[in-house]
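**Q** Fold the stuff below for me.
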Amino acid sequence: MLDSLALLLEKTFLLAHFNFFSTTPSKQERCTKRREESTGFQRGDLLEVPRTLFTHFGIYLGDNKVAHLIPDILPVLTSNKSQIQKVVTTKRLLLGVIYKYASIRVDTVEDFAYGSAIFLNTMDTTLGKQPLAGEEVARRAEKLVGQIAYSLLWNNCEHFVTYCRYGTAVSLQTDQFCESLKCVIRDQRSVLLTTVIGMLSMFFLGIAPFTALPTFIIPFMLWMAG
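**A** Numbers count the residues shown, from 1 in each chain. Okay, the predicted model is just below:
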C-alpha cells in the first residue's frame, strides 16, 4: 500500500517541472550569488538547490560536508547505519513525508546537490536578516544532527537552516503556500467547484457516506471560511 502511494506521489512530482514555491532570486541575481566549487564554501554558509516542487536547503560544515533536514522512512524500518547513510532515494523521501519522519544528516556537497546547481546565502537578502557568525551556524547544525519529527509546513529543511543561520525558524515556502491556500478559500468559485466535483462523484460512484458527506461538508466549510 505504501509502495503504491509513494509511486503515485513520485509520478505526480515528476509531472511538475516548476519550482512553485521557490524562494530563490532571479536568474541574474542567482548568477551573482553562486559560488563555484573551486572557490569553496565557508563553514556556516547556507546552501540551496532547486528541486521539482520546492527548494532544498542545507548548512555547509566544511570539509565538503553539508547538514540538511530530509524526510526519510528508512530509519523507522532498520537500524543498519550503512543502509541509512546511503543517499536518500525519492521513494524513501516520499514515504518519510507521509510518515512525518525525517533525519538531519550530513552528506557530501555532491550528494546534497543531487545534480542540481547550488546557490549561496540568497536567504540573507530575501529575509533581510543579519546572519550569525559562521562557526555558530555550523555548531547549531551539528548539534541537531539525528532523527526528528517532520512536517511539510511546520518543520522542514527551510525551518532548520533559518534557525541555524538566523536564530529564528521560518519558511518562506510555507508562507507562500498558505497565502495561495487563503486565495483559494477566499475565492467563492471554489465552493461551486467542490460542489460540482462532489455531485459528479455521487453520480459515478453512487450515494454513500464517503461521497455524500464531502459533497456537503467541504463546500460548507469553504463557504464559512471565505
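**Q** Do you have the strands of this protein handy? List them.
**A** Ranges of strands within the chain are 46-50, 55-62, 65-71, 101-108, 119-120, 146-149, based on DSSP state E.
**Q** Among these, which comes closest to Ile197?
**A** Ile197 lies closest to strand 65-71 among those, at 29.5 Å (CB to CB). The C-beta positions use only the backbone N, C-alpha and C, and glycine is treated the same way.
**Q** okay, the angle between the closest one and strand 46-50?
**A** Counting by axes from the mean of the first three to the mean of the last three CA atoms, to 10 degrees, strand 65-71 points 50 degrees away from the direction of strand 46-50.
**Q** can you give me the angle strand 65-71 makes with strand 55-62?
**A** Using the same axes, to 10 degrees: strand 65-71 against strand 55-62 is 150 degrees.
**Q** circling back to that earlier point, now tabulate the strands of the chain in CSV and tack on mean pLDDT.
**A** Below are the strands of the chain laid out as CSV (pLDDT from 0 to 100):
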stretch, mean pLDDT
strand 46-50, 95
strand 55-62, 96
strand 65-71, 96
strand 101-108, 96
strand 119-120, 95
strand 146-149, 92
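**Q** Let's have those in a markdown table, adding distance to Gln85 and mean neighbour count.
**A** Shown next, in a markdown table, are the strands of the chain (distance: least, CB to CB, whole Å; neighbours: other CB atoms under 10 Å):
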| stretch | distance to Gln85 | mean neighbour count |
| --- | --- | --- |
| strand 46-50 | 20 | 22 |
| strand 55-62 | 16 | 23 |
| strand 65-71 | 12 | 23 |
| strand 101-108 | 8 | 20 |
| strand 119-120 | 26 | 20 |
| strand 146-149 | 13 | 12 |
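**Q** Can you name the residues bridging to the spatially closest residue to His68 that is not a sequence neighbour?
**A** Nearest residue to His68 in three dimensions, chain neighbours excluded: Gly58, at 3.4 Å (CB to CB, 6 or more residues apart in numbering). Beta-bridge partners recorded for Gly58 (DSSP bridges): Leu47.
**Q** Quick one: residues contacting Gly58.
**A** Leu46, Leu47, Glu48, Val66, Ala67, His68, Phe112, Cys157, Val161 (CB atoms under 8 Å, 6 or more residues apart in numbering).
**Q** pretty sure the second one is in contact with Tyr60, am I right?
**A** Right, Leu47. Yes: at 5.6 Å, Leu47 and Tyr60 qualify as touching, with contact defined as CB atoms under 8 Å.
**Q** Now for those two: what residues contact both?
**A** By CB under 8 Å, 6+ apart, Leu47 and Tyr60 have these common neighbours: Phe41, Val66, Val109.
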